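Engineer: Here is a sequence with its predicted model. Questions after.
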Amino acid sequence: MPLAQRTDTQAVRPRKQFGTAATRAAIPAADGSLYAARTKIQPRLVHGTFRRIKWMILAVALGIYYFVPFLRWHRGPNEPSQAVLLDLDKGRFYFFSIELWPQDVTYVMGLLILAAFILFLMNAVAGRLWCGYLCPQTVWTDLFLAVERLIEGDRRERLKLDAAPWSMEKIALRTMKHAIWLLIAWWTGGAWVLYFADAPTLVVRLATYQAPPVAYGAILTLTATTYLLAGHMREQVCTYMCPWPRIQAALTDEHAYNILYRDERGEPRVSAKKTEVLRAAGQKAGDCVDCFACVTACPMGVDIRDGLQMDCIQCGLCIDACDTTMGKLGRPTGLIGYDTEANRRSRAAGHGPVSRIVRPRTILYAVLVAGTGGFMLMSLATRSVTGVSVLHDRNPQFVTLSDGSVRNGFTLRIANKRPVARDFALAVEGVAGARVEVVGGTADDLPVPADSTQEFRILVFAPAGLEAPVSPLSFRIADASGEGAAAQDHFKAR
């Protein structure tokens, strides 16, 4: 029977003999080639708890991404008023009241480490929650699928349209769909560049073709990647491009909640009508009626009844689909649901449920998350708005003068992270009788402009007769209010 004449269920049934998307791609095709051609997945729209959660997360995530650049935050005169801004020209990252300098790159590293620990904790508790609900690939794919469904119809209509010959109606529908996809992808790229400059100003410059070429290049690049990844590649990104499925498999254990099919309740699978006949005759019949609702709802094309698979992103849509079917048949829901392997084995042995969310693995991850987050918060709260660094001259490292005294040269850099100019006084400690000179200025008046750094050439003189060839030296700066900082180096006499 040609595919165009098959029913919705018949078109899906042959998928069982090939297993998951990854294994299907590894089986030689009929023409003898090593890899079979990709089978386009057309997921069906389902309604239920997990679908509503995904819609809410999609709305919140896209709302944050698209509109945060337009939020305002007053920081004072001559300071940017955008709440979240990565200013590459000045080397600053602004996040509401937080301002990070290039010297604060450790906070970026800390955020990456914190994100990794949170991901590990999520995986230890409930599998691939990130993949199914929060990953940008999932969010944008859901959005593109919603557009496709709105224009071309649900799964059955899209399968018919795919099999239908080209006509004016098909061309119009496909043109409209791809035009909206490109519009979303373009705005995705446009929103990204707004995080690097004042958003309202950049929007006007982009619209009047006065923005820098790099902005247009970034928008075109992100437009193309969003259109390809979310519109065309979809599940292939999760299966082949993303490393997390393979990492997650090494991190999970028997007590982690994953989406599982309760085969002890669902098997053997028979049709709804045959189930009643078998049960009336005293024979065993499972609750699964082999309707393939869970398969047609899956955006990855996975049959969860075959067991936990690398392709599965744990999005919960198969749960909604199965629960809907069970509700129509008047049977208990939960045939597919979040469960653990430990629970499955416990039920098979006739024991009660086993739940161990709190266990050494989750405790360790929670402690690491709390420790890393607490350390970063404390570091941010106690972070100084004044910085100083010192660099010793390399050649010559010291100069012996005619009277026997020794001179060392240094480059002093002072960072003023306040939005107002400040004057600093310099004091040097560590060498008895040391004298300080500032080339082109005085040690009592070192002016530094607002929100910037300033370099000063420093000469330190030590009297003749120093016993130690190398002595520790401390440079201390302070403004009129007493706020300051210190840097350490060495004084070399010979």
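Structural biologist: On my side now, so go ahead. Residues are numbered from 1 along each chain as shown.
Engineer: Might you list the low-confidence residue ranges for the stretch 251-400 of the chain?
Structural biologist: Along the stretch 251-400 of the chain, no part satisfies pLDDT under 70.
Engineer: mind checking the SS state of the closest residue to residue 263 other than its chain neighbours?
Structural biologist: Leaving aside its chain neighbours, residue 263 sits nearest to residue 305 (7.2 Å; criterion: CB to CB, 6 or more residues apart in numbering). Every residue, glycine included, has its C-beta placed from N, CA and C. Classification of residue 305 by DSSP: H, G, I helix; E, B strand; the rest coil places it in helix.
Engineer: ok, residue 305 - contacts?
Structural biologist: Neighbouring residues of residue 305 by CB atoms under 8 Å, 6 or more residues apart in numbering: 261, 263, 266, 288, 294.
Engineer: Of those, which is the nearest to residue 184?
Structural biologist: Closest to residue 184 out of the contacts of residue 305 is residue 294 (28.6 Å), distances taken as CB to CB.
Engineer: That closest one reaches residue 323, doesn't it?
Structural biologist: No. Residue 294 is not in contact with residue 323 according to CB atoms under 8 Å; the separation is 10.0 Å.
Engineer: helix/strand/coil for residue 414?
Structural biologist: Residue 414 - assigned by three-state DSSP - is strand.
Engineer: quick one: it from residue 447, how far?
Structural biologist: 9 Å (CB to CB, to the nearest Å).
Engineer: Likewise for residue 339?
Structural biologist: 67 Å.
Engineer: out of the two, which sits in the busier spot?
Structural biologist: Shown here are residue 339 and residue 447; by other CB atoms under 10 Å, residue 339 has more neighbours (17 against 13).
Engineer: Could you measure from that one over to residue 187?
Structural biologist: 40 Å.
Engineer: can you give me the helices for the stretch 51-200 of the chain?
Structural biologist: 105-126, 129, 136-152, 155-163, 168-193, 199-207 (DSSP state H, counting those that start in this stretch).
Engineer: mean confidence for the second one?
Structural biologist: It stands for helix 129. Averaged over helix 129, pLDDT sits at 90.
Engineer: How about residues contacting it?
Structural biologist: So helix 129 is contacted by 122-123, 314 (CB under 8 Å, 6+ apart).
Engineer: May I ask which of those residues has the most neighbours?
Structural biologist: Result: residue 123 is most packed of the contacts of helix 129 (other CB under 10 Å), 27 neighbours.
Engineer: Would you confirm that that one contacts residue 249?
Structural biologist: No. Applying CB under 8 Å, one finds residue 123 not in contact with residue 249, separated by 9.9 Å.
Engineer: And the strands in the stretch 251-400 of the chain, which stretches?
Structural biologist: All strands of the stretch 251-400 of the chain, identified by DSSP state E, counting those that start in this stretch, fall at 258-261, 336-339, 386-392, 399-400.
Engineer: In a markdown table: the contacts of residue 305, plus neighbour count and distance to residue 134.
Structural biologist: Below are the contacts of residue 305 laid out as a markdown table (neighbours: other CB atoms under 10 Å; distance: CB to CB, whole Å):
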| residue | neighbour count | distance to residue 134 |
| --- | --- | --- |
| 261 | 23 | 24 |
| 263 | 16 | 29 |
| 266 | 17 | 29 |
| 288 | 24 | 30 |
| 294 | 25 | 22 |
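Engineer: Let's see which of these end up in helices.
Structural biologist: In helices, defined here by DSSP state H, the members of the contacts of residue 305 are 263, 266, 294.
Engineer: got a pLDDT number for the residue nearest the centre of the chain?
Structural biologist: Centroid-nearest residue in the chain, with CA atoms, centre = their mean: residue 135, separated by 6.7 Å. Listed pLDDT for residue 135 reads 94.
Engineer: show me what contacts it?
Structural biologist: Taking CB under 8 Å, 6+ apart, one finds residue 313 in contact with residue 135.
Engineer: ok, the residue of the chain most remote from its centre to residue 465 distance?
Structural biologist: Centroid-distance maximum for the chain: residue 403 at 63.9 Å, with CA atoms, centre = their mean. Using CB to CB, residue 403 is found at 11 Å from residue 465.
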